[in-house]
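**Student:** please work out how this folds:
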Amino acid sequence: MERKEAFERRFAPSGAALRAHADPDSWITAGVAGELPVFYSGSQVLYAKPPVRTAVRLAAAERLRLSGLVWPEARERLSRGAWLTVERMGRGQVILFGSQPNFRSYWQSGARLLANAVVLGPGLGADPVRRP
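**Tutor:** Numbers count the residues shown, from 1 in each chain. The predicted structure follows:
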């Protein structure tokens, strides 16, 4: 398994536009259409299991690529992977993006998600601060 993973990492995209689907019930996707383009570069693929909430998930292999070079091996590996997750930790939360959400200030959908994380995150996903 580890050998197969190392082989498939060789085909990782380097700056491709991929199709993703936003969870309409998640607070972090407020103002984002159901289907959106996301920037992807690198060999890491995120997978989340409950109680982690996947707010944006990459599309299935046959619909994944929007532009750029995405090898079939990478397409299979990336399909249905998580691109944006929200996880409770203590009284706060951890928000994890699969790649740079606002690469070169070009990705408007990613910029909206980043803004939601920064502006809405402290009030909508974390517990209020308790003063002594």
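
**Student:** helix/strand/coil for the residue most central in space within the chain?
**Tutor:** By Cα atoms, centre = their mean, the chain has its centre lying nearest to Trp83, at 1.5 Å. Reducing the assignment at Trp83 to three states with DSSP: H, G, I helix; E, B strand; the rest coil gives strand.

**Student:** thought it was touching Ser99?
**Tutor:** Yes: here Trp83 reaches Ser99: they are 7.4 Å apart, a contact under Cβ atoms under 8 Å. C-beta: built from backbone N, CA, C; applies to glycine.

**Student:** show me whatever sits in contact with both of these two.
**Tutor:** Residues touching both Trp83 and Ser99 (Cβ atoms under 8 Å, 6 or more residues apart in numbering) are 38, 40.

**Student:** can you give me the helices in the protein?
**Tutor:** Counting by DSSP state H, the chain forms helices over residues 2-9, 72-78, 108-119, 121-124, given from the N-terminal end onward.

**Student:** mind listing what's buried in the second one?
**Tutor:** In this case it means helix 72-78. The neighbour-count check on helix 72-78 (16 or more other Cβ atoms under 10 Å) flags 74-75, 77-78 as buried.

**Student:** for those residues, which one is nearest Leu58?
**Tutor:** Leu78 (5.6 Å; Cβ to Cβ).

**Student:** kind regards, and thank you for your time.
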